[in-house]
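*Asks:* Need a 3D model of the sequence below.
(one chain, ligands or ions: 1)
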Amino acid sequence: MTASKSRPYAFDRFLRYDELTEWLHGTAAAHPGLMSVASYGRSHDGRELWLATITDASTGPHDSKPAHWVDANIHAIEVTGGVAALYLIHHLVTGFGSNADVTEAVRTRTFYVAPRVNPDGVEWALADSPQYLRSSIRPWPWADAHQAPGLHERDINGDGRILTMRIPDPTGNWTVLPDEPRLMARVPATGVAAGVARYRLLYEGDIIEHDGFTIPLPPSPHSLDLNRNFPSGWGTNVTGSGDHPLSEPEIDSLVRAIVARRNICGYNAYHTSGGVLLRPSGTVSDSALPPVDVWAFKHLGATGTSLTGYTVHSVFDDFTFDKNETMSGSADDWVYDHLGVYGWTTEFWDVIQHATGKKPSTHIWYTGPTGEEELAVYRWAMTNCPEAYADWVPFDHPQLGAVEIGGWDDVFLWGNAPKSLLLAEVRPHAEFAVYQALCSPKLEVLHTRVVHLDGDTHRVEVGIANTGWLPTDISVRARKERLVLPLTAELSGAKVVSGGGHGNARQELGQLSGRLGLNFNYAKNDGTPERVLAAWVVSAKRGATVTVEVSHQRAGRCSVTLTL
Ligand SMILES: [Zn+2]
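*Replies:* Below is the predicted model of the structure:
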């Protein structure tokens, strides 16, 4: 890598790929005991897919501790999510040693952060002459970037932004808002008075094979949606789902990286927009999920809301406009359905709430803002980021003739936080990530005892507890599907005479409850469902030492050495 020429990064702009790569490696180099960076694959265009691993190496390797996974920017234009992922890394490495929660989390847990799942698409979105895609730059469903007849989005006047084209049209659906003449308002059902100018609005772009009368809105030649390419619920009836589950290198690599890290206990994907914390299921109602899992989601989410102000929603129950057209094949559904891990999709930034103080309808992705909401956002933007709305400037369009180009910079106001507000928007979410990590299970040896039997025979006891909040296998879903390997305790250093009922040095001890499980007990009668006692009868000289290694794929590893 070449020497750094970049400015220091204060989470106040969106980094292109080369600068992101440099920032990641530079941050890791500055915190060698805490952070490493490695590639987990390559994108369609050949870019390395970076994963930052953050944990205190002095307390054990990353895979010996429960882990929380965060990724961002599976969707190309949702670049605020990438800023939030980089800020989380910064929060962890700079807070270690000064912030008590961060220190505890980095000492006892591991964080995996993949800040740019889809680097190719983001590079197009952040280019000087941008192109806005849903996800990947791989042409799909046609292999040749075939442009079907109709409108194709492009920065046609070369000003570096893709805005709106305004065309005079006596039957158009838009008119100028009298109070704010730069802003457009929908024509009421009964029309407007004669002589009032009406317009048709279109995204800035080219009209392919224009027939002089109609303007179809065909799918983009780049119609893949990488967040529909995961195996859970994958279907060809879902927009952009790809050729088959994991058909795209970015998602195949991501899934393999997650599955290879069997210590992952929690997952969060960073997207925009909406100012909401979305959770599974995308395909069925809460009533079809185990009630304890719904309770756990709501309990985790309540802290998310109190830290971030974002509301919590089931994708299916709250965010699916037509219940027959579900958002399936997504990452959060996959981690819950196939791994039994609580997965979240954070949708950063809600400009309407900033402008009005109120949350819009959860169906806004389908309906768009109301006229009142758009006017409020306009007035808010004129104070806070006036560059987000452009004057209507005449332009000689190659197919349409005289048009005007102007209006909202949709992607960088409605879709992402303005640069001046980025840091404030993403900062609280790092605390939610730390909280989720600290809710994971955690193995500890709380009790040991050696009882001398006769001669060189001794009974060795090791009392193991899950001192974390979640159970060792995380969810009811994981328990029912047996998705998680059991706890094991293995004794070495002496001949085992009997143990675990089988005389084995290695005992399989099942799953341990967490403190969450004690919440489903009306009688204040806890018992000890989070504990287990492992015992062996061993034969060795008095004074010899034995070691017991305690291990669980998710809850971590620890060991204890005893003198006989
Ligand atoms: Zn998204």
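*Asks:* where does the closest residue to the ion within the stretch 101-250 of the chain fall, helix, sheet strand or coil?
*Replies:* Going by C-beta to the ion, the ion is nearest to residue 227 of the stretch 101-250 of the chain, at 6.0 Å. Where you see a C-beta, it was placed from the backbone N, CA and C, and this is true even at glycine. Here residue 227 is recorded as helix under DSSP: H, G, I helix; E, B strand; the rest coil.
*Asks:* show me the contacts for it.
*Replies:* 74-75, 135, 269, 271, 329-331 (C-beta atoms under 8 Å, 6 or more residues apart in numbering).
*Asks:* how about 7 Å then?
*Replies:* 74-75, 330-331 (C-beta atoms under 7 Å, 6 or more residues apart in numbering).
*Asks:* same for the ion: which of those are within range?
*Replies:* When C-beta under 5 Å from the ion is applied, the members of the contacts of residue 227 adjacent to the ion are residue 75.
*Asks:* Just put the contacts of residue 227 in CSV and tack on distance to residue 289, pLDDT and neighbour count.
*Replies:* Output for these, formatted as CSV (distance: C-beta to C-beta, whole Å; pLDDT from 0 to 100; neighbours: other C-beta atoms under 10 Å):
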residue, distance to residue 289, pLDDT, neighbour count
74, 24, 98, 30
75, 25, 98, 24
330, 15, 96, 29
331, 17, 98, 28
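*Asks:* from the contacts of residue 227, which ones fall inside helices?
*Replies:* residue 331 (DSSP state H).
*Asks:* List the buried residues of stretch 355-369.
*Replies:* Residues 355-356, 359-360, 362, 364, 369 are the ones in stretch 355-369 that count as buried (16 or more other C-beta atoms under 10 Å).
*Asks:* so which of the residues you listed would you say is closest to residue 482?
*Replies:* residue 362 (35.0 Å; C-beta to C-beta).
*Asks:* does the residue lying closest to residue 431 once chain neighbours are set aside belong to a helix or a strand, and which?
*Replies:* Distance criterion C-beta to C-beta, 6 or more residues apart in numbering; nearest residue to residue 431, sequence neighbours excluded, is residue 307 at 5.1 Å. Residue 307 belongs to helix 291-308 when elements are defined using DSSP states H and E.
*Asks:* Next: residue 18.
*Replies:* With DSSP H and E as the criterion, residue 18 is inside helix 17-30.
*Asks:* again, but for residue 383
*Replies:* helix 371-384.
*Asks:* what does the following helix or strand past that helix contact?
*Replies:* Once the chain leaves helix 371-384, the next helix or strand it forms, by DSSP H and E, is strand 389-397. Strand 389-397 has contacts (C-beta under 7 Å, 6+ apart) with 157, 163, 165-166, 182, 378, 381, 402-409.
*Asks:* you'd agree residue 441 is in a helix?
*Replies:* No: read with three-state DSSP, residue 441 is coil and lies in no helix.
*Asks:* you'd agree it is up against residue 472?
*Replies:* Yes: the criterion here is C-beta atoms under 7 Å, and residue 441 meets it with residue 472 at 4.7 Å.
*Asks:* okay but residue 96 is in contact with residue 102, surely?
*Replies:* Yes: counting by C-beta under 7 Å, residue 102 is a contact partner of residue 96 at 5.8 Å.
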